[in-house]
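# Compute the structure for the input listed below.
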Amino acid sequence: MTPSDRSMLVTDQAGAHVVLTDEVGLVLREWRVDGDPAWGLPNEAKAVGWSGERMLLVTDSRGFTGLFTWDGDLRWRVDEGPDANPHSAELLSDGRVAVASSDGGTVRVHRGVGQGDADEQGGLIAEAALHDAHGLAWDPARGGLWALGGRWLVHWSWQSGIAALHETFRTELPSAHGHDLAWERGQHPDRLWVTTDYGVHSFDVRRRQWLPPEPVCLRSARGVKSIGRSAAGDVLYTQADEEWWTDSLNILTEESSRENGRPERVRLAGMRIYKARWAEGDR
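Numbers count the residues shown, from 1 in each chain. Coordinates of the predicted model:
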């Protein structure tokens, strides 16, 4: 099933699965792992492409990071351990997989699916420290990996022949406790959204400066755990209602952003949602 421009990937910790839903919350399919102690609290799922194939990259707070085919087969996985708390992952241009772990305070790069050498045990090849690491975003236009921690936004260069993360830039967040990192897309392909406990911020990676987010109604939104824009311009975000989770998805259309800044709410009763992404992906 090819996702429509209104279908969404949702991490449901109550059901211990990732689901694909339509715009009214109807579940279309699911991904889960049975019998793996590192699986049970999925917290991020993003659509990625590799060798012409659409895949799903998932992290789980119990330690799991894995790549699924769109049909549900687990292609690759690694266990970061029960004390790491992986919060985000990114597929690098060479097929390596980077994982940000908040409790572990690290970003690790594993062998992944590159060069036909997928490794069931992960194959750790690089590591860097980042306190409270929460978000990752590969820069397809300029190369390198952006990472979000509790206080800092960091850029590392990455060259697979060298297999090391070299820090090239660091800036302090406008407010504390970073949560999500995602490309803004649309009219601002060079900007990253950064969410914290206290609001949503925008960072221009070309000019290396902080800017107000668009739409500006998100600037003071508290507890935003994930955010993303569809190709059609609609903004999908999750906002914690109960500790770290919610049972609802928020969608801001261009019209509602202009009129009153009030999102459409899609409720998924019984779910405990941490992050949600548009299923069409960024790449």
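
# Give me the distance between the residue nearest to residue 235 when sequence neighbours are not counted and residue 236.
Leaving aside its sequence neighbours, residue 235 sits nearest to residue 252 (CB to CB, 6 or more residues apart in numbering; 4.2 Å). In short, each C-beta sits where N, CA and C put it, glycine included. In this view, residue 252 and residue 236 are 8 Å apart by CB to CB, to the nearest Å.

# Mind checking which of those two has more residues around it?
Using other CB atoms under 10 Å, the more surrounded residue of residue 252 and residue 236 is residue 236, with 25 against 21.

# Go ahead and measure how far the host helix or strand of that one is from the middle of the chain.
In the assignment (DSSP states H and E), residue 236 maps to strand 235-239. Centroid separation for strand 235-239 versus its chain: 12 Å, with CA atoms, centre = their mean, to the nearest Å.

# That one pairs with which strands, parallel or anti?
strand 224-229 (antiparallel), strand 248-252 (antiparallel) (DSSP bridges).

# So what touches it?
Here strand 235-239 makes contact (CB atoms under 8 Å, 6 or more residues apart in numbering) with 8, 195, 200, 215, 218, 221-230, 246, 248-252, 257, 263, 273-278.

# Of the residues you listed, grab the buried ones for PyMOL.
Restricted to buried positions by 16 or more other CB atoms under 10 Å, the PyMOL selection for the contacts of strand 235-239 reads:
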select buried, resi 8+195+200+215+218+221+223+224+225+226+227+228+229+230+246+248+249+250+251+252+257+263+273+274+275+276+277+278
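
# where does the chain dip in pLDDT?
1-5, 115-122, 257-260, 282-283 (pLDDT under 70).

# Can you show me the helices along it?
Counting by DSSP state H, the chain has helices at residues 254-259.

# Export the strands paired with strand 235-239 as a markdown table, with columns for distance to residue 85.
A markdown table is the format used below for the strands paired with strand 235-239 (distance: least, CB to CB, whole Å):
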| stretch | distance to residue 85 |
| --- | --- |
| strand 224-229 | 14 |
| strand 248-252 | 23 |
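
# And the ones you listed: which comes nearest residue 125?
Closest to residue 125 of the strands paired with strand 235-239, according to CB to CB: strand 224-229, at 27.8 Å.

# residue contacts, the nearest residue to residue 138 once chain neighbours are set aside?
Spatially, and ignoring its direct neighbours in sequence, residue 138 is nearest to residue 90 (4.9 Å; CB to CB, 6+ apart). Residue 90 makes contact with 57, 97, 98, 136, 137, 138, 145, according to CB under 8 Å, 6+ apart.

# gap between residue 184 and residue 261?
In this view, residue 184 and residue 261 are 17 Å apart by CB to CB.

# the more surrounded of the two?
residue 184 (21 against 13).

# so that one touches residue 192, yeah?
Yes: using CB atoms under 8 Å, residue 184 makes contact with residue 192 at a distance of 6.8 Å.

# Overlap in contacts, those two.
residue 202.

# Let me know how buried the nearest residue to residue 82 once chain neighbours are set aside is, in neighbour terms.
Sequence neighbours aside, residue 63 is the residue nearest to residue 82 in space, at 5.5 Å (criterion: CB to CB, 6+ apart). Residue 63 has 24 neighbours, counted by other CB under 10 Å.

# Over to residue 103?
Using other CB under 10 Å, residue 103 has 16 other residues around it.

# Same question for residue 141.
Neighbours of residue 141 (other CB under 10 Å): 10.

# Over to residue 160?
Residue 160 has 15 neighbours, counted by other CB under 10 Å.

# ok, it touching residue 96?
Yes: assessed by CB under 8 Å, residue 160 is found in contact with residue 96 at 6.6 Å.

# shared neighbours, these two?
residue 114.

# hmm, back to that, so what's the residue nearest to residue 82 up against?
By CB under 8 Å, 6+ apart, residue 63 lies in contact with 37, 38, 79, 80, 81, 82, 84, 85, 86.

# What of residue 38?
Per CB under 8 Å, 6+ apart, neighbours of residue 38: 60, 62, 63, 64, 77, 79, 80, 82.
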